[in-house]
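Asker: Build me a model from this:
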Amino acid sequence: MNMKNALKLFEDKKVRTVWDDEQEKWYVSIVDVVEALTDSPNPCKYWSVLKTRLKKEGSQLATNCSQLKMQSADGKFYKTDVADEWEQRGVKKGQEYASLTDLITHGWSGLTTKQYKQ
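Answerer: I've put the predicted structure just below:
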């Protein structure tokens with residue numbers, strides 16, 4: 001599996017992402033998104049408590065999260081909960097998926113997905 005790590009900015013917050021070449025999808029660190037949206041002093045604990053509550057309510061959201069190793073602030077790689085937004089929103093694979101991914105990639109990098117891969 002060939003993956004590329006990238007750091008995105010959401011306002012002034014850093015959000016870790018990973019591009020998976022084989023699956024052609026971005027994975028986003030959930031803890032980083034939680035921190036960016038909540039300004040929590042402990043986003044890991046915030047996500048842990050939220051995930052527990054969601055599981056108790058029967059939500060599949062927390063159950064369906066994948067984990068990938070992502071680099072942390074200390075430079076080491078740790079397994080981190082990640083999600084893929086397109087699938088969660090019902091976007092189908094194929095042209096619709098490729099078009100949206102291409103638009104997003106071009107928006108932040110100035111390159112098409114194909115150009116970025118090269």
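
Asker: is it true that residue 33 touches residue 14?
Answerer: No: the pair residue 33 and residue 14 does not pass the contact test of Cβ atoms under 8 Å, sitting 10.8 Å apart. In this view, the C-beta of every residue, glycine as well, is placed from N, C-alpha and C.

Asker: quick one: which of those two has more around it?
Answerer: Higher neighbour count among residue 33 and residue 14: residue 33, with 20 against 13, using other Cβ atoms under 10 Å.

Asker: Assign that one to helix, strand or coil.
Answerer: Following DSSP: H, G, I helix; E, B strand; the rest coil, the label given to residue 33 is helix.

Asker: Just the pLDDT for it.
Answerer: Listed pLDDT for residue 33 reads 84.

Asker: Kindly report the same for the one 5 residues further on.
Answerer: Model confidence at residue 38, expressed as pLDDT, equals 82.

Asker: which non-adjacent residue is nearest it?
Answerer: residue 46 (6.1 Å; Cβ to Cβ, 6 or more residues apart in numbering).

Asker: unless I'm mixing things up, residue 21 is touching residue 117, no?
Answerer: Yes: using Cβ under 8 Å, residue 21 is in contact with residue 117, at 6.8 Å.

Asker: any idea which helix or strand carries the closest residue to residue 28 other than its chain neighbours?
Answerer: In space, and not counting its chain neighbours, residue 28 is closest to residue 17: 5.2 Å by Cβ to Cβ, 6+ apart. Using DSSP states H and E, residue 17 sits within strand 13-20.

Asker: Pull the following helix or strand past that strand out as CSV, backbone CA atoms only.
Answerer: The helix or strand immediately downstream of strand 13-20 is strand 25-29, counting by DSSP H and E. Only the C-alpha atoms of strand 25-29 are listed here, as CSV (Å, rounded to 0.1, in the frame of the first residue of the first chain):
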residue,chain,number,x,y,z
LYS,A,25,-8.9,8.1,-1.2
TRP,A,26,-7.9,10.6,1.5
TYR,A,27,-8.0,9.6,5.2
VAL,A,28,-8.3,12.4,7.7
SER,A,29,-7.3,12.3,11.4
